[in-house]
Structure formats: structure tokens, C-alpha cells
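**Student:** everything below, folded, please.
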Amino acid sequence: MRSIDIHAHSTPQSFVKAVAAGRDWHGMKSGEGAGNPRNAWTPEQRIADMNSLGVDVQVVSTAAAFYQYHRDPQVATAIARECNDEVRQMTLDYPARLAGFATLPMQDVPAAIDELERAVTQLGLKGAMIDDKVRGRTYDEPEFLPFWKAAEQMGAVIFIHQLGGDTSVKGRADRYHQPNTIGNLVDRTVTFAALVLGGVMDACPDLKVCLAHGGGYTCYAIGRIDRGWRTRPDAKGHASQPPSSYLRRFYYDCIVYDERALRFLIDSVGVDRVVLGTDWPADMCLDWPVSWVLGMESLTQAEKEAILYKNLEKLLGL
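**Tutor:** Numbering: from 1, shown residues only. Presented below is the predicted three-dimensional model:
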């Protein structure tokens, strides 16, 4: 049985070497992108760890610290290109073990589209990982619609993943790691609502979006979101159907840490929309992800196989 992990990060070796030599890298300093030593492991070290975890394939995405949406678009584009070139080289060196997602300069939509096209059509990457927001703006803003249409046309998978603890909760509860443990899930729910109520999913019927961390609170909150859509004109947005009818338009990784939560996610969206994710190598990553899924008593063997590899084989062509 195979296992394919959609949610695994890296730090560019070019960044690691630059900061080790005391140099900036496109204006970035050591503390901006080198928080986790394992992020900077070589591909060989990464694969050795994958072997110990029973993970056959990782879809590698450059760590979210390298989004750099606050920088000048030209600088962010240069960062994205160098990150993506390195991920591509990893996939060329180890094609049986590594696939890749791009990072994009989302503060400049035309530049983001150009880099996504380069990543997918020239570098062979499977899509891109992006934040829940760009300079505080969510994806229902009209300026982003050309990006979603382009991603749909390319067949690219867009993986939504927050920038560390820079979430909606930070301004209110910046203690106890809550911007991550709670805010991460809040932001993913807002992204679901933005794409659905903002009309993006209607405008792009073939768009492929995967929401990290089980889609946050989306499934638990969907009844209330539906109730708002049905009873309040201002809650309808641009969605042509109740928000719950869009749940199966998305994919969700399995990083919910609790078997009951994963069972609820499967029952809410269908097992064919749930995929293996580990958040490697974060401190909160799943410790033994394959064993965790295989050991679940509430999942059938067919459900385990779907999550571990079958769904991603189909989604990513692996």
C-alpha cells in the first residue's frame, strides 16, 4: 500500500547557505525563514525520514515564511522563482519520492498567474500553496478572480495554508499558541466562505482547492453558514446554492489529530475528498501519520486506502 503526503514543507537550500554565510537572501534574514532546522534538511535527509514514517511520496511546498506578500512584487517574484526552481530540482532528482507545489507572489495577480503557469507547464509542479489572505484581503475580492480562472484552466491544485500564527485570532488572543491552534482553523473556514459566498466556486466549476488542516471549522460550522444563507439576504453573497452543497467541491487534508474529528470530516464531505497530510516537519506534525490512519477502528480498509494514496493518485496524477 502506498502513502502520499500532500502537506510537507521545505526551506530553500540557497536561503540556508546564504544566511549561514552571514548574507541576506532577497532581503530575507535568518530569523525570517529558518525557524525549524528540519525544514532545511537535504533531500536525502528528508527521504530517510520519510522512510522511517512509512511515507512513500511527499508533495513538497516551500515553507509559508517565503510567501513574502508584504514585499515589493518584483522581489517576491524573484523569491518565488528561486523557491520553485529548487522544488523542481528535488522532483527531478527523486521523481519516485517527491512532487511539488509552487509558491507565488499573490500581491501581484498577473505575476502570480505567470509564475503558476511557469511552475505547472515548465517545471512540472502540481499547483501552488498560498495563504488564506493577501495583505488582509480575502479571495472573494474581484481582483483575484483572474487567478482562480487561470488555475482552473491549468488544472492546478491550489493548497490553502496559513502563514504561521498570522491569523485572524492574533489581534485578540496572542497567547498560548492560539493564533495557530485556533486561528489557523478560523482562517481556513473564512477562506471556504470567501470562495463559496464570493461566487468563485460558481465562476470556476472545475477549480481544484485543498484546504489544509481538515478545512478548519468548516464542517462543524456549515449548518450555521447554511442558516445564514437561507434567512438573511446579506449572507447569501453570490452563492447559487446553499453553502453545504459546496463541501464536496473542496479537498481536505487529514490533519485533525483526533479520530472522531476525522470520522466527522469523512462523513461530512465523503472519503473521496480527504487526503493524507502530515505538516512535516513542523513541531505539530503528525508523529506517525501512516500508522495513525491504519490504526483507526472507525475507518474501513477502503477508506484508509483512499486517504493514504488513492485520492491523491487521482487528484495529482501520481
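**Student:** so where's the chain uncertain?
**Tutor:** 33-35 (pLDDT under 70).
**Student:** now residue 180, nearest residue through space, not along the chain?
**Tutor:** residue 165 (4.8 Å; CB to CB, 6 or more residues apart in numbering). (Each C-beta comes from the backbone N, C-alpha and C, glycine too.)
**Student:** now for the one you found: which residues touch it?
**Tutor:** Counting by CB atoms under 8 Å, 6 or more residues apart in numbering, residue 165 makes contact with 174, 177, 179-180, 183.
**Student:** any chance of these in a markdown table, plus distance to residue 54?
**Tutor:** Shown next, in a markdown table, are the contacts of residue 165 (distance: CB to CB, whole Å):
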| residue | distance to residue 54 |
| --- | --- |
| 174 | 37 |
| 177 | 28 |
| 179 | 31 |
| 180 | 26 |
| 183 | 31 |
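**Student:** a markdown table for the residues you listed, including neighbour count, distance to residue 226 and secondary structure?
**Tutor:** Converted to a markdown table, the contacts of residue 165 look like this (neighbours: other CB atoms under 10 Å; distance: CB to CB, whole Å; DSSP: H, G, I helix; E, B strand; the rest coil):
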| residue | neighbour count | distance to residue 226 | secondary structure |
| --- | --- | --- | --- |
| 174 | 12 | 32 | coil |
| 177 | 14 | 31 | coil |
| 179 | 23 | 28 | helix |
| 180 | 19 | 28 | helix |
| 183 | 25 | 24 | helix |
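**Student:** quick check: the farthest pair among those residues?
**Tutor:** Farthest-apart pair in the contacts of residue 165 is 174 and 180; separation 10.7 Å (CB to CB).
**Student:** what secondary structure does residue 267 sit in?
**Tutor:** What DSSP: H, G, I helix; E, B strand; the rest coil gives for residue 267 is helix.
**Student:** around it, how many other residues sit close by?
**Tutor:** 11 (other CB atoms under 10 Å).
**Student:** now residue 62
**Tutor:** Count around residue 62 with other CB under 10 Å applied: 27.
**Student:** one more: residue 256?
**Tutor:** Residues near residue 256, counting by other CB under 10 Å, number 22.
**Student:** what's it sitting at in phi/psi?
**Tutor:** phi -120, psi -10 (degrees, to the nearest 10).
**Student:** now it. Nearest residue, chain neighbours left out?
**Tutor:** Among residues not flanking residue 256 along the chain, residue 214 sits closest, at 4.1 Å (CB to CB, 6+ apart).
**Student:** same question, residue 13
**Tutor:** residue 86 (6.4 Å).
**Student:** try residue 112
**Tutor:** What sits nearest to residue 112 in space, not counting adjacent residues and going by CB to CB, 6+ apart, is residue 104, at 4.3 Å.
**Student:** how close does residue 260 get to residue 299?
**Tutor:** Separation of residue 260 from residue 299 (CB to CB, to the nearest Å): 12 Å.
**Student:** quick one: which of these two has more around it?
**Tutor:** Legend: neighbour count by other CB under 10 Å for residue 260 and residue 299, higher for residue 299 (19 against 10).
**Student:** just checking, the more buried one is part of a helix?
**Tutor:** No. If the criterion is three-state DSSP, then residue 299 is coil and not within a helix.
**Student:** which residues touch it?
**Tutor:** 262-263, 266, 293, 307.
**Student:** sweet, I'm off.
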